[in-house]
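Prediction below, plus the sequence it came from.
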Amino acid sequence: MGNVRETFECGPSLRIEAQERVMALQFKQINIQLGKIELMMERLERRLWLAVYGVVGVVLANAVQSIAVLMP
């Protein structure tokens with residue numbers, strides 16, 4: 001038993017380390033989910049702009065058609 005030193009790990013420090021590992025995994029998962037949400041938002045934004053351009057195109061086409069009908 002003389003000079004042999006063993007590392008002593010107590011319960012609370014092990015519990016804190018386990019909680020830190022769990023939190024790190026949770027943050028990693030949250031970052032992954034946020035990345036997916038950002039991609040979905042970008043796709044939605046593209047679709048919205050396409051819809052806006054479509055509506056503007058229809059309005060302009062109707063205006064041009066109305067002017068064309070009025071001109072002899």
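All right, it came through fine.

where does this protein dip in pLDDT?
Where the chain drops to pLDDT under 70, the residues are 1-9, 72.

Okay, helices next: where are they in it?
11-70 (DSSP state H).

Residue 57 and residue 71, how far apart?
21 Å (C-beta to C-beta, to the nearest Å). Bear in mind the C-beta positions are built from the backbone N, C-alpha and C, glycine included.

who has more neighbours, these two?
Higher neighbour count among residue 57 and residue 71: residue 57, with 10 against 5, using other C-beta atoms under 10 Å.

ok, that one to residue 40 distance?
Counting by C-beta to C-beta - residue 57 and residue 40 are separated by 26 Å.

Equivalent analysis for residue 19, please.
Distance from residue 19 to residue 40, by C-beta to C-beta: 31 Å.

do the same with residue 58
27 Å.

Equivalent analysis for residue 59, please.
29 Å.

Also residue 55?
Taking C-beta to C-beta, one finds residue 55 at 23 Å from residue 40.

what do you get for residue 25?
23 Å.

before we move on, what about residue 68?
Applying C-beta to C-beta to residue 68 and residue 40 gives a distance of 42 Å.

got it, and residue 46?
11 Å.

Number of residues surrounding residue 67?
Going by other C-beta under 10 Å, the residues that sit close to residue 67 add up to 9.

which residues touch it?
Residues near residue 67 by C-beta atoms under 8 Å, 6 or more residues apart in numbering: none.

Relative to residue 60, how far out is it?
11 Å.

And residue 20, by the same measure?
59 Å.

And residue 11, by the same measure?
Taken as C-beta to C-beta, the span from residue 11 to residue 60 is 73 Å.

for residue 69, same thing?
15 Å.

do the same with residue 29
From residue 29 to residue 60 the distance is 47 Å (C-beta to C-beta).

Repeat that for residue 53.
10 Å.

go on, residue 42?
27 Å.

Kindly report the same for residue 15.
Relative to residue 60, and taking C-beta to C-beta, residue 15 is found at 67 Å.

And for residue 10?
In terms of C-beta to C-beta, residue 10 sits 75 Å off from residue 60.

the more surrounded of these two?
Comparing residue 10 with residue 60 by other C-beta under 10 Å, the one with more neighbours is residue 60, at 10 against 7.
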